[in-house]
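S.K.: just need the structure, nothing else, for what follows:
(2 chains)
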Amino acid sequence: MKNPYYPIDTVVEDVITETPTIKTFVLKPVRPIKFKAGQFMQLTVPGVGEAPFTPSSDPNITERMEITILRTGKVTEALHDLGPGAKVGLRGPFGKGYPLDKLVGKDVLVVGGGVGLAPMRALLYALFADPSKYKKIVIKFGAREPAELSFRRQYDEWRGLAGNISLQTTIDVPHPDWTGHVGLVTTLLEKGKLEGIDISDGFALSCGPEIMLKFVTLKLLEIGYKPPQIYLSMNRKMSCGMGKCGRCNVGHYYLCVDGPDMCYDKIKHVPNVFG
Amino acid sequence: MQFIDSTNFERLLKKLSGEGELFVPVTEEDTGKLHIERVDAFPLPDGMSLEGYRTVETLKGFAQLLRSTVAEYPAEELDELEAGENAPSFIIVGARACDIAAMGLVDKVQIEGDFEDPFYRIRREKMFTIAADCTDCGESCFCNLVGRKPWPEKGYDLTVSKVDAGYLVEAGSERGEKVISENGDLFTAPRDGQEKSRDEARMKVVAKLKENNKDFPDAAKMTEPLREALTEGLWEEESARCVECGACTNICPTCYCFLLFDIADGEKFRRVMSWDSCQVTGYARMAGMGNPRPRLSDRVKHRYYHKYDYLPLSHGEIFCTGCGRCIDTCSAGIDMRAVFRNVMSKAAK
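M.R.: Next up is the predicted model:
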């Protein structure tokens, strides 16, 4: 019988610095790990602890997994000190993942902010496996400043993958090195800036800090999205990943089994849903 | 249904004690309360009693240890589980309806669904429970308010009801039936009137529960006000006296929340599972200090929502069996039944 609390032995193969505070860890588990975009892993730093992260890598690749992590707490600080060759552990995958089946034939709006771009990249890889399955793929990424936009080395490549893909970025405040759009990511969601997507026949998916999710949701509702068309990657403290330890609830849902990507229609009635 | 006299009942327990550790309710002299005690030698302890109502302790600690190692790294994956499989079985005597039902509720979370906790399941399977009717109720008992009865209806291996100088016995599982059939010489057919006398005794306890709780509403009525968010503002008042000690969740037979954390030991580490309490500040706090329930009133509110709204939605039942231990243990004197009443009166406004 498997012990669900024991992690799969994993080696850090490479560490890519994305931003001053975000690194991508290229991980090689001793046995392949199959996951769906949006599902999450519990990553163990031996002797320090465990924390939940959604992989940022292509779900079709199971031998290696990339996880993009913001330095923000005890486990992530220890992680950021690790280099190639370090031993870590992985449990999972947990959660439901993004509703990819629902997106087929639809206009897909992807809104990411800060480290929230990490799970969005796994979603994009899943969409990019066959972009023709979707009407339009419109991507809006925001960060505080230019250096904090993760994966920027890949943006042009993604834009060139297919004619129905667009990607626009913004930074929160003006910066001398930046000639692009300035303003919160919600300012990219004005109706005229959405590449003519059909809001009535589309889905919007978003991941980022809770305060961003709140204002993105309000903006999406304002421009005509209905709650069932909005998916949000929610954040709560997690421990077991299996719906047993009790702490990651949003209303009566446990994010670890019912999310972490939740349809807004299911959670819109929860008081203080955005904290 | 069978009858067993007290002498033969002790013989039965002695025999069963050869198959695992035997636990019985024993009366504490000063308080008259029952505590679960392990029987290491026979005869049974003087204060052992199957009368009265539930013990001070719950059963959950038999299946979900207060603190336990669930993984050691690096190690073979099966080690800790094998250790659990080799652990002794428990024969638990005198478990009351509220505690038997509570284990059934926690089973829904820890065993049923897409994942199971194998540690919990292994220990759970090692529990052989001999339940007992309540012959009385405490001031804090309120099983009648959560739609339950002071005698167990399912979830036990054997259940006993005190009559005359012995017990009426019923089996509630195959293991229980096997114990009766293998020890047929210890049992006799019930005498005329014994079942009637059991039923009368049960009704007396029901009547006392009703009388004790006549000023409080049924818990099931709370679901709608909670779901319709009609209780805003109430929780600041309810939590004003709470000292955030977590005793209510620790003593609750259905509170199952736990935390996993790692303890380093040189190159190795142990992963430890520990009971946790949603009432304390850091329970849901994330890295970066985000906390969905930063105020004590949020956390007190959460406890009621979890038991009376969220779990009924996700698992189909109210996660409270009315044992009343949270009332007994609260150093601030918070009474769950009074909270029910206040919820109803808030909703009525």
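
S.K.: low-confidence ranges in chain A?
M.R.: The model of chain A has pLDDT under 70 over residues A:1.

S.K.: which strand of chain A spans the most residues?
M.R.: strand A:8-17 (DSSP state E).

S.K.: that one: how far from the chain's middle?
M.R.: 19 Å (CA atoms, centre = their mean, to the nearest Å).

S.K.: again with stretch A:194-210
M.R.: 14 Å.

S.K.: tell me which parts of the stretch 51-200 of chain B are close to chain A?
M.R.: Proximity of the stretch 51-200 of chain B to chain A, by CB under 8 Å from any CB of the partner chain, involves residues B:70-71, B:73-75, B:77-78, B:80-81, B:109-110, B:113-115, B:117-118. The C-beta positions use only the backbone N, C-alpha and C, and glycine is treated the same way.

S.K.: for the residues you listed, which single residue is the most surrounded?
M.R.: For those, the largest number of neighbours (other CB atoms under 10 Å in any protein chain shown) sits with residue B:110, at 26 neighbours.

S.K.: show me what contacts that residue?
M.R.: The contact partners of residue B:110, taken as CB atoms under 8 Å, 6 or more residues apart in numbering or on different chains, are A:244, B:63-64, B:116-117, B:120-121, B:124, B:256.

S.K.: got the residues of the stretch 201-349 of chain B near chain A?
M.R.: B:229, B:232, B:256-265, B:267-269, B:271, B:273, B:276, B:278, B:283-288, B:290-292, B:298, B:306, B:309-311, B:313-314.

S.K.: buried subset of those?
M.R.: B:256-260, B:262, B:269, B:271, B:273, B:276, B:278, B:283-287, B:290-292, B:298, B:306, B:309-311, B:314 (16 or more other CB atoms under 10 Å in any protein chain shown).

S.K.: from those, which land in strands?
M.R.: Using DSSP E, these in strands are B:258-260, B:262, B:269, B:271, B:273.

S.K.: in the longest strand of chain A, what counts as buried?
M.R.: A:8-10, A:12.

S.K.: can you list contacts of the following helix or strand past that strand?
M.R.: Downstream of strand A:8-17, the next assigned helix or strand under DSSP states H and E is strand A:22-29. Residues outside strand A:22-29 that contact it (CB under 8 Å, 6+ apart) are A:8-18, A:56, A:63-71, A:79-80, A:82, A:88, A:90, A:115, A:118, A:148, A:150.

S.K.: adjacent strands (with direction) for strand A:22-29?
M.R.: strand A:8-17 (antiparallel), strand A:65-70 (antiparallel) (DSSP bridges).

S.K.: export the last one to CSV, keeping only CA atoms.
M.R.: This points to strand A:65-70. Provided in CSV are the C-alpha atoms of strand A:65-70 (Å, rounded to 0.1, in the frame of the first residue of the first chain):
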residue,chain,number,x,y,z
MET,A,65,8.5,19.1,-13.9
GLU,A,66,9.1,22.8,-13.5
ILE,A,67,7.8,24.7,-10.6
THR,A,68,8.1,28.5,-10.5
ILE,A,69,8.3,29.9,-7.0
LEU,A,70,8.2,33.3,-5.3
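
S.K.: tell me which residues are up against it.
M.R.: A:18, A:21-27, A:29, A:33, A:35, A:41, A:43, A:53-57, A:76, A:79-80, A:90, A:114-115, A:117-118, A:121, A:150-151.

S.K.: buried residues in the following helix or strand past it?
M.R.: As assigned by DSSP H and E, the chain's next helix or strand after strand A:65-70 is helix A:74-80. Using 16+ other CB under 10 Å as the test for burial, helix A:74-80 gives A:75-76, A:78-80.

S.K.: out of those residues, give me the two with the largest separation.
M.R.: A:75 and A:80 (9.8 Å; CB to CB).

S.K.: before we move on, the earlier item: just put the ones in strands among the buried ones among the residues of the stretch 201-349 of chain B next to chain A in TSV and tack on pLDDT.
M.R.: Listed next are these as TSV, based on pLDDT from 0 to 100:
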residue	pLDDT
B:258	95
B:259	95
B:260	95
B:262	93
B:269	88
B:271	92
B:273	95
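
S.K.: for these, work out which two are farthest apart.
M.R.: Between any two of these (CB to CB), the greatest distance is 17.8 Å, for B:258 and B:269.

S.K.: give the contact list for the closest residue to chain B within the stretch 51-200 of chain A.
M.R.: Of the stretch 51-200 of chain A, the residue with the smallest distance to chain B, taken as CB to the nearest CB, is residue A:73 at 2.5 Å. Contacts for residue A:73 (CB under 8 Å, 6+ apart) come out as A:51, B:286-288.

S.K.: looking at those, which gets the smallest pLDDT?
M.R.: The member of those with the lowest pLDDT is residue B:288, and it reads 77.

S.K.: domain parsing of chain B, as residue ranges.
M.R.: Split into domains by automatic domain parsing, chain B comes to B:2-212, B:219-348.

S.K.: return the set of buried residues in stretch B:200-219.
M.R.: Result for stretch B:200-219 [16+ other CB under 10 Å]: buried residues B:201-202, B:205-206, B:208-209, B:212-213, B:216, B:219.

S.K.: which of those lies closest to chain A?
M.R.: Nearest member of the buried residues of stretch B:200-219 to chain A, counting by CB to the nearest CB, is residue B:219, at 16.8 Å.

S.K.: now for the closest residue to that closest one other than its chain neighbours: which residues touch it?
M.R.: Excluding the flanking residues, the one nearest residue B:219 by CB to CB, 6 or more residues apart in numbering or on different chains is residue B:146, at 4.8 Å. Going by CB under 8 Å, 6+ apart, residue B:146 touches B:218-220, B:318, B:320-322.

S.K.: for stretch B:189-197, C-alpha coordinates in PDB please.
M.R.: Extracted in PDB, the C-alpha atoms of stretch B:189-197 (Å, rounded to 0.1, in the frame of the first residue of the first chain):
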ATOM      1  CA  ALA B 189     -32.100 -15.800  25.600                       C
ATOM      2  CA  PRO B 190     -33.600 -12.600  27.000                       C
ATOM      3  CA  ARG B 191     -36.300 -13.100  29.600                       C
ATOM      4  CA  ASP B 192     -39.800 -11.800  29.200                       C
ATOM      5  CA  GLY B 193     -40.000  -8.100  29.900                       C
ATOM      6  CA  GLN B 194     -36.300  -7.400  29.600                       C
ATOM      7  CA  GLU B 195     -36.600  -5.700  26.200                       C
ATOM      8  CA  LYS B 196     -39.600  -3.700  27.500                       C
ATOM      9  CA  SER B 197     -37.600  -2.600  30.500                       C
END
